[in-house]
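Q: Quick one, structure for this:
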Amino acid sequence: MNLPAAGLLSSIAFLRPYLKKALVVATVLFSLGAMISMLHDIEYTGQDVSVRGWRIFTWLKAIVPKSIYADQDYRLTKPDTALFPLGLESLRPVNIEQGSIYDCRFLATVASLCASQSGRRDLFSHIEARSDCGYSVYFPGVNQTVVVSKLSPYEVLLYAKAKDQDCKNAGIWLAVLEKAYGQYRNQHQNLFDQARRFCKHAILEGRFTASSELPGFAAAYGATDDQAAVLLSTRSLTEYKTFSFECGEFGFGKGYVTLRQLSSWFNRDQVSRNFASEQDAALRKALANGLLGIATTELNGDCQAYGLMSGHAYGILGYNPKKRSLRLKDPFGRGDLRRANSKKALDGIDDGVFEIGLTDFNLLFSHLRLAD
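A: Purely as a prediction, here's the structure:
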(Lines give C-alpha, C1' and ligand atoms only; values in the text may rest on other atoms or scores of the structure.)
Protein backbone atom coordinates (compact mmCIF):
# COMPACT_ATOMS: atom_id res chain seq x y z
CA MET A 1 0.00 0.00 0.00
CA ASN A 2 2.93 2.37 0.66
CA LEU A 3 4.84 1.65 -2.56
CA PRO A 4 2.97 4.10 -4.84
CA ALA A 5 3.44 6.93 -2.32
CA ALA A 6 7.10 6.14 -1.99
CA GLY A 7 7.47 6.12 -5.76
CA LEU A 8 5.75 9.50 -6.03
CA LEU A 9 7.97 11.04 -3.38
CA SER A 10 11.10 9.73 -5.05
CA SER A 11 9.93 11.19 -8.39
CA ILE A 12 9.39 14.60 -6.80
CA ALA A 13 12.81 14.43 -5.16
CA PHE A 14 14.35 13.58 -8.52
CA LEU A 15 12.64 16.52 -10.26
CA ARG A 16 13.34 19.04 -7.50
CA PRO A 17 16.69 20.35 -8.93
CA TYR A 18 15.10 20.77 -12.36
CA LEU A 19 12.08 22.52 -10.89
CA LYS A 20 14.38 24.98 -9.13
CA LYS A 21 16.22 25.72 -12.37
CA ALA A 22 12.95 26.10 -14.25
CA LEU A 23 11.71 28.51 -11.58
CA VAL A 24 14.90 30.58 -11.83
CA VAL A 25 14.64 30.72 -15.64
CA ALA A 26 10.96 31.67 -15.46
CA THR A 27 11.74 34.40 -12.91
CA VAL A 28 14.53 35.83 -15.07
CA LEU A 29 12.35 35.80 -18.19
CA PHE A 30 9.47 37.42 -16.32
CA SER A 31 11.78 40.10 -14.92
CA LEU A 32 13.22 40.84 -18.37
CA GLY A 33 9.74 41.03 -19.85
CA ALA A 34 8.60 43.36 -17.08
CA MET A 35 11.67 45.58 -17.58
CA ILE A 36 11.08 45.78 -21.34
CA SER A 37 7.41 46.55 -20.71
CA MET A 38 8.37 49.36 -18.31
CA LEU A 39 10.88 50.85 -20.74
CA HIS A 40 8.22 50.92 -23.47
CA ASP A 41 5.64 52.50 -21.15
CA ILE A 42 7.06 55.99 -21.66
CA GLU A 43 5.03 58.88 -20.27
CA TYR A 44 7.14 61.85 -21.36
CA THR A 45 10.60 62.71 -22.70
CA GLY A 46 12.11 62.50 -19.21
CA GLN A 47 11.56 58.72 -19.24
CA ASP A 48 12.82 58.13 -22.79
CA VAL A 49 16.24 56.47 -22.62
CA SER A 50 16.93 57.40 -26.26
CA VAL A 51 16.56 61.08 -25.30
CA ARG A 52 17.83 61.23 -21.72
CA GLY A 53 20.18 58.26 -21.45
CA TRP A 54 21.00 57.34 -17.84
CA ARG A 55 19.34 60.57 -16.69
CA ILE A 56 15.97 58.77 -16.84
CA PHE A 57 16.88 57.76 -13.26
CA THR A 58 15.84 61.11 -11.83
CA TRP A 59 16.50 60.09 -8.22
CA LEU A 60 20.21 60.25 -9.05
CA LYS A 61 19.96 64.03 -8.82
CA ALA A 62 20.22 63.69 -5.05
CA ILE A 63 23.56 61.86 -5.07
CA VAL A 64 25.54 63.08 -8.09
CA PRO A 65 27.11 66.52 -8.67
CA LYS A 66 24.77 69.02 -10.30
CA SER A 67 27.34 69.66 -13.04
CA ILE A 68 27.01 66.03 -14.18
CA TYR A 69 23.23 65.96 -14.06
CA ALA A 70 22.62 69.46 -15.40
CA ASP A 71 19.29 70.02 -17.12
CA GLN A 72 18.52 72.89 -19.41
CA ASP A 73 17.63 75.96 -17.38
CA TYR A 74 14.08 76.76 -18.44
CA ARG A 75 12.56 80.09 -17.60
CA LEU A 76 9.04 79.39 -16.48
CA THR A 77 7.02 82.43 -17.39
CA LYS A 78 3.62 83.19 -15.97
CA PRO A 79 1.15 81.13 -18.03
CA ASP A 80 -1.85 82.55 -19.83
CA THR A 81 -5.17 81.70 -18.23
CA ALA A 82 -7.61 82.21 -21.12
CA LEU A 83 -9.23 78.95 -22.19
CA PHE A 84 -10.54 80.00 -25.59
CA PRO A 85 -9.23 83.47 -26.55
CA LEU A 86 -10.36 82.92 -30.16
CA GLY A 87 -13.70 81.34 -29.31
CA LEU A 88 -14.44 78.20 -31.33
CA GLU A 89 -11.52 79.07 -33.62
CA SER A 90 -9.21 78.18 -30.72
CA LEU A 91 -10.20 74.54 -31.26
CA ARG A 92 -9.22 74.26 -34.91
CA PRO A 93 -7.28 70.99 -35.39
CA VAL A 94 -4.34 72.76 -37.04
CA ASN A 95 -3.74 74.58 -33.74
CA ILE A 96 -2.88 71.36 -31.89
CA GLU A 97 0.78 70.88 -31.04
CA GLN A 98 2.09 67.96 -29.01
CA GLY A 99 4.29 68.73 -26.03
CA SER A 100 6.66 66.48 -24.09
CA ILE A 101 4.05 63.82 -23.30
CA TYR A 102 3.91 60.68 -25.44
CA ASP A 103 0.15 60.83 -26.01
CA CYS A 104 -0.11 61.23 -29.78
CA ARG A 105 -3.07 58.84 -29.86
CA PHE A 106 -5.05 61.07 -27.52
CA LEU A 107 -4.13 64.28 -29.37
CA ALA A 108 -4.87 62.69 -32.76
CA THR A 109 -8.34 61.82 -31.48
CA VAL A 110 -8.85 65.39 -30.26
CA ALA A 111 -7.73 66.72 -33.66
CA SER A 112 -10.21 64.49 -35.47
CA LEU A 113 -13.00 65.54 -33.11
CA CYS A 114 -12.16 69.22 -33.70
CA ALA A 115 -12.31 68.79 -37.48
CA SER A 116 -16.08 69.32 -37.40
CA GLN A 117 -18.02 72.34 -36.20
CA SER A 118 -20.22 70.15 -34.01
CA GLY A 119 -17.17 68.48 -32.46
CA ARG A 120 -15.59 71.84 -31.63
CA ARG A 121 -18.84 73.09 -30.18
CA ASP A 122 -19.25 70.03 -27.95
CA LEU A 123 -15.68 70.19 -26.68
CA PHE A 124 -16.00 73.94 -26.10
CA SER A 125 -18.99 73.33 -23.82
CA HIS A 126 -17.27 70.51 -21.89
CA ILE A 127 -14.33 72.58 -20.57
CA GLU A 128 -15.08 75.27 -18.00
CA ALA A 129 -13.11 77.52 -15.66
CA ARG A 130 -13.96 77.38 -11.96
CA SER A 131 -14.06 80.13 -9.36
CA ASP A 132 -11.12 78.54 -7.50
CA CYS A 133 -8.89 79.02 -10.60
CA GLY A 134 -9.19 75.32 -11.43
CA TYR A 135 -11.08 73.73 -14.32
CA SER A 136 -13.78 71.14 -14.84
CA VAL A 137 -13.81 68.84 -17.86
CA TYR A 138 -16.83 66.71 -18.72
CA PHE A 139 -16.29 63.35 -20.42
CA PRO A 140 -19.63 62.34 -21.99
CA GLY A 141 -18.49 58.77 -22.68
CA VAL A 142 -18.43 57.98 -18.95
CA ASN A 143 -20.79 60.77 -17.85
CA GLN A 144 -18.17 62.08 -15.45
CA THR A 145 -16.75 65.52 -14.71
CA VAL A 146 -13.07 65.66 -13.79
CA VAL A 147 -11.90 68.66 -11.76
CA VAL A 148 -8.27 69.69 -12.15
CA SER A 149 -6.23 72.34 -10.40
CA LYS A 150 -4.74 75.44 -11.97
CA LEU A 151 -1.92 74.74 -14.41
CA SER A 152 1.54 75.37 -12.99
CA PRO A 153 4.18 77.07 -15.18
CA TYR A 154 6.00 73.73 -15.40
CA GLU A 155 2.85 72.01 -16.66
CA VAL A 156 2.30 74.71 -19.26
CA LEU A 157 5.87 74.14 -20.42
CA LEU A 158 5.48 70.37 -20.86
CA TYR A 159 1.83 69.88 -21.82
CA ALA A 160 0.36 70.15 -25.31
CA LYS A 161 -0.26 73.63 -26.71
CA ALA A 162 -2.82 75.28 -28.93
CA LYS A 163 -1.23 77.76 -31.36
CA ASP A 164 -2.71 79.52 -34.35
CA GLN A 165 -0.98 79.78 -37.72
CA ASP A 166 0.98 82.82 -36.52
CA CYS A 167 2.30 80.75 -33.58
CA LYS A 168 0.25 82.86 -31.18
CA ASN A 169 -1.43 81.34 -28.15
CA ALA A 170 -4.85 79.88 -28.94
CA GLY A 171 -5.72 79.19 -25.31
CA ILE A 172 -4.86 76.67 -22.62
CA TRP A 173 -7.88 74.48 -23.35
CA LEU A 174 -5.73 71.68 -24.79
CA ALA A 175 -3.38 71.56 -21.79
CA VAL A 176 -6.37 71.52 -19.44
CA LEU A 177 -8.01 68.72 -21.43
CA GLU A 178 -4.76 66.74 -21.46
CA LYS A 179 -4.39 67.15 -17.69
CA ALA A 180 -7.98 66.05 -17.05
CA TYR A 181 -7.62 63.02 -19.33
CA GLY A 182 -4.37 62.07 -17.58
CA GLN A 183 -5.98 62.47 -14.18
CA TYR A 184 -8.81 60.17 -15.26
CA ARG A 185 -6.34 57.57 -16.57
CA ASN A 186 -4.38 57.73 -13.30
CA GLN A 187 -7.55 56.89 -11.39
CA HIS A 188 -8.61 54.04 -13.69
CA GLN A 189 -5.71 51.59 -14.00
CA ASN A 190 -6.03 47.81 -13.89
CA LEU A 191 -4.01 45.81 -11.37
CA PHE A 192 -1.31 44.81 -13.86
CA ASP A 193 -0.73 48.41 -14.96
CA GLN A 194 -0.69 49.59 -11.36
CA ALA A 195 1.96 46.99 -10.49
CA ARG A 196 4.30 47.71 -13.38
CA ARG A 197 3.97 51.48 -13.07
CA PHE A 198 4.57 51.29 -9.34
CA CYS A 199 7.81 49.44 -10.10
CA LYS A 200 8.71 51.81 -12.94
CA HIS A 201 8.24 54.93 -10.85
CA ALA A 202 10.19 53.37 -7.98
CA ILE A 203 13.13 52.42 -10.23
CA LEU A 204 13.26 55.56 -12.38
CA GLU A 205 12.06 58.27 -10.02
CA GLY A 206 12.28 56.94 -6.48
CA ARG A 207 8.50 57.37 -6.08
CA PHE A 208 6.49 54.46 -4.71
CA THR A 209 3.20 55.03 -6.50
CA ALA A 210 1.43 53.97 -9.69
CA SER A 211 0.36 57.56 -10.39
CA SER A 212 2.35 59.77 -12.75
CA GLU A 213 4.50 62.62 -11.45
CA LEU A 214 2.21 65.19 -13.08
CA PRO A 215 -1.44 64.37 -13.87
CA GLY A 216 -1.01 65.12 -17.57
CA PHE A 217 1.80 62.58 -17.95
CA ALA A 218 -0.79 59.82 -17.54
CA ALA A 219 -2.40 60.85 -20.83
CA ALA A 220 0.30 58.59 -22.28
CA TYR A 221 -1.38 55.62 -20.57
CA GLY A 222 -3.73 55.57 -23.56
CA ALA A 223 -0.90 55.03 -26.05
CA THR A 224 -2.15 51.56 -26.95
CA ASP A 225 -5.93 51.92 -26.70
CA ASP A 226 -8.75 54.05 -28.05
CA GLN A 227 -10.38 55.04 -24.77
CA ALA A 228 -9.95 58.72 -25.62
CA ALA A 229 -12.55 58.42 -28.38
CA VAL A 230 -15.01 56.80 -25.98
CA LEU A 231 -14.48 59.41 -23.27
CA LEU A 232 -14.68 62.40 -25.60
CA SER A 233 -17.45 61.28 -27.95
CA THR A 234 -19.13 58.13 -26.49
CA ARG A 235 -18.10 56.30 -29.70
CA SER A 236 -15.71 53.36 -29.89
CA LEU A 237 -13.28 52.84 -32.78
CA THR A 238 -13.16 49.87 -35.16
CA GLU A 239 -9.73 48.78 -36.39
CA TYR A 240 -8.85 48.15 -40.05
CA LYS A 241 -5.42 46.74 -40.88
CA THR A 242 -3.56 48.02 -43.91
CA PHE A 243 -2.05 45.93 -46.68
CA SER A 244 1.53 46.60 -45.57
CA PHE A 245 0.78 45.57 -41.99
CA GLU A 246 -1.01 42.31 -42.76
CA CYS A 247 0.60 41.26 -46.04
CA GLY A 248 3.95 43.02 -46.04
CA GLU A 249 6.76 40.50 -46.59
CA PHE A 250 3.93 38.16 -47.66
CA GLY A 251 2.65 37.97 -44.09
CA PHE A 252 5.71 36.18 -42.74
CA GLY A 253 6.57 36.80 -39.09
CA LYS A 254 3.06 37.91 -38.09
CA GLY A 255 2.39 34.88 -35.93
CA TYR A 256 -0.87 34.16 -37.73
CA VAL A 257 -2.10 33.30 -41.22
CA THR A 258 -5.09 34.81 -43.03
CA LEU A 259 -6.69 34.12 -46.38
CA ARG A 260 -5.62 37.56 -47.55
CA GLN A 261 -2.01 36.76 -46.74
CA LEU A 262 -2.23 33.53 -48.72
CA SER A 263 -3.90 35.32 -51.62
CA SER A 264 -1.17 37.97 -51.62
CA TRP A 265 1.37 35.29 -52.50
CA PHE A 266 -0.26 34.92 -55.92
CA ASN A 267 -1.97 38.26 -56.70
CA ARG A 268 -0.66 41.07 -54.50
CA ASP A 269 -2.08 43.88 -56.61
CA GLN A 270 -5.64 42.57 -56.36
CA VAL A 271 -5.35 41.98 -52.61
CA SER A 272 -4.02 45.52 -52.19
CA ARG A 273 -7.01 46.88 -54.11
CA ASN A 274 -9.34 44.85 -51.91
CA PHE A 275 -7.84 46.46 -48.80
CA ALA A 276 -8.39 49.92 -50.28
CA SER A 277 -11.98 49.08 -51.25
CA GLU A 278 -12.74 47.84 -47.73
CA GLN A 279 -11.32 51.02 -46.23
CA ASP A 280 -13.16 53.19 -48.75
CA ALA A 281 -16.48 51.61 -47.78
CA ALA A 282 -15.73 52.08 -44.08
CA LEU A 283 -14.68 55.71 -44.60
CA ARG A 284 -17.81 56.51 -46.61
CA LYS A 285 -19.95 55.08 -43.83
CA ALA A 286 -17.98 56.99 -41.19
CA LEU A 287 -18.29 60.18 -43.23
CA ALA A 288 -22.07 59.81 -43.25
CA ASN A 289 -22.16 59.28 -39.47
CA GLY A 290 -19.77 62.10 -38.57
CA LEU A 291 -16.17 61.22 -39.32
CA LEU A 292 -14.01 60.50 -36.28
CA GLY A 293 -10.87 58.41 -36.35
CA ILE A 294 -7.11 58.07 -36.30
CA ALA A 295 -4.42 56.43 -38.42
CA THR A 296 -1.30 54.82 -36.97
CA THR A 297 2.11 53.78 -38.25
CA GLU A 298 4.23 50.79 -37.28
CA LEU A 299 7.47 51.00 -35.35
CA ASN A 300 9.31 49.13 -38.09
CA GLY A 301 7.60 50.69 -41.10
CA ASP A 302 9.13 52.53 -44.07
CA CYS A 303 7.22 55.75 -43.40
CA GLN A 304 10.19 57.79 -42.14
CA ALA A 305 11.69 58.05 -45.62
CA TYR A 306 8.51 59.88 -46.65
CA GLY A 307 8.48 62.42 -43.82
CA LEU A 308 6.24 60.47 -41.45
CA MET A 309 6.96 59.18 -37.94
CA SER A 310 7.05 55.51 -37.01
CA GLY A 311 5.02 54.35 -34.03
CA HIS A 312 2.87 57.49 -34.29
CA ALA A 313 -0.82 58.42 -34.51
CA TYR A 314 -2.42 60.90 -36.92
CA GLY A 315 -5.86 62.47 -36.63
CA ILE A 316 -8.28 62.00 -39.52
CA LEU A 317 -9.65 65.40 -40.53
CA GLY A 318 -11.51 64.42 -43.68
CA TYR A 319 -12.00 61.99 -46.53
CA ASN A 320 -12.55 62.64 -50.24
CA PRO A 321 -14.51 59.69 -51.70
CA LYS A 322 -13.94 60.78 -55.31
CA LYS A 323 -10.17 60.94 -54.93
CA ARG A 324 -10.07 58.20 -52.29
CA SER A 325 -7.77 60.37 -50.22
CA LEU A 326 -7.50 61.01 -46.49
CA ARG A 327 -6.72 64.36 -44.89
CA LEU A 328 -4.52 63.77 -41.85
CA LYS A 329 -3.10 65.84 -39.01
CA ASP A 330 0.21 65.14 -37.24
CA PRO A 331 -0.19 66.16 -33.56
CA PHE A 332 3.40 67.42 -33.55
CA GLY A 333 2.31 70.25 -35.84
CA ARG A 334 4.86 69.40 -38.49
CA GLY A 335 5.97 66.36 -40.51
CA ASP A 336 4.09 66.40 -43.80
CA LEU A 337 4.10 63.68 -46.42
CA ARG A 338 6.93 64.14 -48.89
CA ARG A 339 8.74 62.27 -51.62
CA ALA A 340 11.31 59.71 -50.53
CA ASN A 341 14.45 61.34 -49.16
CA SER A 342 13.12 64.83 -49.95
CA LYS A 343 12.90 67.63 -47.38
CA LYS A 344 10.01 69.46 -49.05
CA ALA A 345 6.38 68.73 -48.19
CA LEU A 346 4.27 67.55 -51.13
CA ASP A 347 1.70 70.29 -50.53
CA GLY A 348 4.45 72.91 -50.10
CA ILE A 349 3.62 73.68 -46.45
CA ASP A 350 5.06 71.71 -43.54
CA ASP A 351 2.21 72.34 -41.10
CA GLY A 352 1.40 68.77 -40.10
CA VAL A 353 -1.70 68.60 -42.31
CA PHE A 354 -1.57 66.64 -45.57
CA GLU A 355 -3.54 64.43 -47.95
CA ILE A 356 -2.69 60.86 -48.84
CA GLY A 357 -4.41 58.44 -51.21
CA LEU A 358 -5.50 55.02 -50.00
CA THR A 359 -2.90 53.26 -52.15
CA ASP A 360 -0.02 55.11 -50.50
CA PHE A 361 -1.78 54.95 -47.15
CA ASN A 362 -1.73 51.15 -47.28
CA LEU A 363 2.00 51.18 -47.89
CA LEU A 364 3.02 53.68 -45.19
CA PHE A 365 0.49 53.16 -42.38
CA SER A 366 -0.39 50.14 -40.27
CA HIS A 367 -3.95 50.74 -39.09
CA LEU A 368 -7.06 52.79 -39.73
CA ARG A 369 -9.37 53.26 -36.75
CA LEU A 370 -12.85 54.69 -37.30
CA ALA A 371 -15.74 55.49 -34.97
CA ASP A 372 -18.82 53.32 -35.30
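Q: So for stretch 50-58, what gets flagged as buried?
A: Residues 55-58 are the ones in stretch 50-58 that count as buried (16 or more other C-beta atoms under 10 Å). Just so you know, the C-beta spots here come from the backbone N, C-alpha and C atoms, and that holds for glycine as well.
Q: right, I mislabeled it, should have said stretch 110-124
A: By 16+ other C-beta under 10 Å, the buried positions in stretch 110-124 come out as 110-116, 119-120, 122-124.
Q: Show me which of these is closest to Ala345.
A: Checking those against Ala345 with C-beta to C-beta, the nearest one is Ala111 at 17.8 Å.
Q: Tell me which helix or strand comes right after the helix or strand containing the closest one.
A: For Ala111, the host element (DSSP states H and E) is helix 104-113. Beyond helix 104-113 in the direction of the C-terminus, DSSP H and E gives the next helix or strand as helix 117-126.
Q: other SSEs contacting that next one?
A: Applying 3 or more C-beta pairs under 8 Å, 6 or more residues apart in numbering; DSSP states H and E, one finds that helix 117-126 makes contact with helix 104-113, strand 135-139, helix 227-233.
Q: Which of the ones you listed sits closest to Ile356?
A: helix 104-113 (14.6 Å).
Q: quick one, strands of the chain?
A: In the chain, the strands defined using DSSP state E lie at 96-97, 127-129, 135-139, 144-148, 161-162, 237-241, 293-296, 313-320, 325-329, 353-357, 367-371.
Q: List of residues touching the first one?
A: So that's strand 96-97. 107, 110-111, 114, 160-163, 174, 315, 329, 331-333 (C-beta atoms under 8 Å, 6 or more residues apart in numbering).
Q: Can I get these in CSV including distance to Lys241 and pLDDT?
A: Formatted as CSV, the contacts of strand 96-97 follow (distance: C-beta to C-beta, whole Å; pLDDT from 0 to 100):
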residue, distance to Lys241, pLDDT
Leu107, 23, 98
Val110, 24, 98
Ala111, 22, 98
Cys114, 26, 97
Ala160, 28, 97
Lys161, 33, 95
Ala162, 33, 94
Lys163, 34, 90
Leu174, 30, 98
Gly315, 19, 98
Lys329, 22, 96
Pro331, 22, 95
Phe332, 24, 91
Gly333, 28, 83
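Q: Kindly reformat those residues as CSV containing distance to Thr224.
A: Below are these laid out as CSV (distance: C-beta to C-beta, whole Å):
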residue, distance to Thr224
Leu107, 15
Val110, 17
Ala111, 19
Cys114, 23
Ala160, 19
Lys161, 24
Ala162, 25
Lys163, 28
Leu174, 22
Gly315, 17
Lys329, 20
Pro331, 16
Phe332, 19
Gly333, 23
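Q: Would you point out the most distant pair within the buried residues of stretch 110-124?
A: Ser112 and Phe124 (15.9 Å).
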